[in-house]
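Asks: give me the fold of what follows.
(chains A and B)
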Amino acid sequence: MIETEFTPYAAMAGGALIGLASVMLMALRGRIFGATGILLGVLRPASSSDWTWRALLLAGMFTGPLIYTLFAGSGPAIQVPVAPAALIIGGLLVGLGVTYGGGCTSGHGVCGMARLSPRSFVATGSFMIATTITVFVIRHVIGG
Amino acid sequence: MMRHILTYLTGVIFGTGIVLSGMSNPSKVLNFFDFAGIWDPSLAFVMGAAVVVAFIGYRFVLRRPKPVFEARFDIPASRTIDMRLIAGSAVFGVGWGVAGFCPGGAIPAVSTLNPSVLIFVASLIAGMLLARSIMRIGAARQSRAA
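Replies: Here you go, the predicted model:
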């Protein structure tokens, strides 16, 4: 476990940018900003025009951390408190889950909730509860 | 050309927001869920700000007849709340709790070439492709049975 500082201003500014990007994608392309949908659309494109805008979006997403580094003077903090095996198991579960659940934190948690979709409220509630229980079990039942 | 530049910029804004917010830092993410331990409430402010901005922005955008560069809005129409939605999201939540990365948090951070991010994203892609293969086999079986 690594303790982290409470950073409300960076959190709100970052969140506002995520919200702004979601609004821009809806205004420009009429789409929900779902990170997994965009990634899958680049790997398994339905058509070439579909591929182009998702690839541009993905390229932009990759550029974000570089812009951050330029302004902050150092790269973003990525402190990983888990073993590589946990990253692999977690990654597989996330991939399976988002495909069946039809979205992740950005698609359901931000865009879906913002447009008051009942499906997204249920999905977000479900993953937030599951994550809380998982972290509790790993840190305080198994690890405690 | 303009449409390509603006689409790219949309991604830049998202990626910058993700790293600024701390969503690509697994310690910060996991500490948010650790109410019984070293709790860091930051994530609530990320989600709160993102939802408020998107909620207000969508009001204005969805009032227009169509998006700027497409013929129509392409918004999920399904209203079905079923086990697939609930269980799928729960499995995602377990994975998020195990790894500390969610797709939106990890994907922009790929450009940092951080090995943990690369391991997670590779596993994420494997999981998504695996789920699609399982779905396809299931659909093929169903159509054969019918």
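Asks: how about the helices in chain B?
Replies: Assigned by DSSP state H, chain B shows helices spanning B:2-21, B:26-33, B:42-61, B:83-99, B:103-106, B:115-145.
Asks: by contact count, what packs against the shortest one?
Replies: When you say that, I think you mean helix B:103-106. Contact here means 3 or more C-beta pairs under 8 Å, 6 or more residues apart in numbering or on different chains; DSSP states H and E; on that basis helix B:103-106 packs against helix A:35-43, helix B:2-21, helix B:115-145. No exception for glycine: its C-beta is placed from N, CA and C like everyone else's.
Asks: switch to 10 Å and redo it
Replies: If you count contacts as 3 or more C-beta pairs under 10 Å, 6 or more residues apart in numbering or on different chains; DSSP states H and E, helix B:103-106 packs onto helix A:35-43, helix A:84-101, helix B:2-21, helix B:26-33, helix B:83-99, helix B:115-145.
Asks: out of those, nearest to A:Arg115?
Replies: Closest to A:Arg115 of the helices and strands packed on helix B:103-106 is helix A:35-43 (C-beta to C-beta; 15.2 Å).
Asks: quick one: distance of that closest one to the chain centre.
Replies: Relative to the chain's own centre, helix A:35-43 is displaced by 12 Å; criterion: C-alpha atoms, centre = their mean, to the nearest Å.
Asks: for that helix, which positions count as buried?
Replies: Going by neighbour count (16 or more other C-beta atoms under 10 Å in any protein chain shown), the buried part of helix A:35-43 is A:35-42.
Asks: sec struct for A:Phe62, please.
Replies: The three-state label for A:Phe62, taken from DSSP: H, G, I helix; E, B strand; the rest coil, comes out as helix.
Asks: any stretches of chain A with poor pLDDT?
Replies: Low-confidence segments of chain A (pLDDT under 70): A:144.
Asks: what are the boundaries of the helices in it?
Replies: Assigned by DSSP H, the helices in chain A fall at A:8-29, A:35-43, A:48-72, A:84-101, A:113-114, A:118-136.
Asks: just so I know, which of these lies nearest B:Arg144?
Replies: Of the helices of chain A, nearest to B:Arg144 by C-beta to C-beta is helix A:84-101, at 21.9 Å.
Asks: please name every helix or strand in contact with that closest one.
Replies: Short answer (3+ C-beta pairs under 10 Å, 6+ apart): helix A:84-101 packs on helix A:35-43, helix A:118-136, helix B:26-33, helix B:83-99, helix B:103-106, helix B:115-145.
Asks: could you export those to a markdown table, including columns for distance to B:Leu9?
Replies: Shown next, in a markdown table, are the helices and strands packed on helix A:84-101 (distance: least, C-beta to C-beta, whole Å):
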| stretch | distance to B:Leu9 |
| --- | --- |
| helix A:35-43 | 15 |
| helix A:118-136 | 26 |
| helix B:26-33 | 26 |
| helix B:83-99 | 28 |
| helix B:103-106 | 18 |
| helix B:115-145 | 23 |
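Asks: can you tell me which of those helices is packed in deepest?
Replies: helix B:103-106 (a mean of 30; mean count of other C-beta atoms under 10 Å in any protein chain shown).
Asks: pLDDT on that helix, on average?
Replies: Averaged over helix B:103-106, pLDDT sits at 97.
Asks: about what we covered before: need the buried residues of helix A:35-43 in a markdown table (columns: distance to chain B).
Replies: Output for the buried residues of helix A:35-43, formatted as a markdown table (distance: C-beta to the nearest C-beta, whole Å):
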| residue | distance to chain B |
| --- | --- |
| A:Ala35 | 4 |
| A:Thr36 | 5 |
| A:Gly37 | 9 |
| A:Ile38 | 8 |
| A:Leu39 | 6 |
| A:Leu40 | 6 |
| A:Gly41 | 11 |
| A:Val42 | 10 |
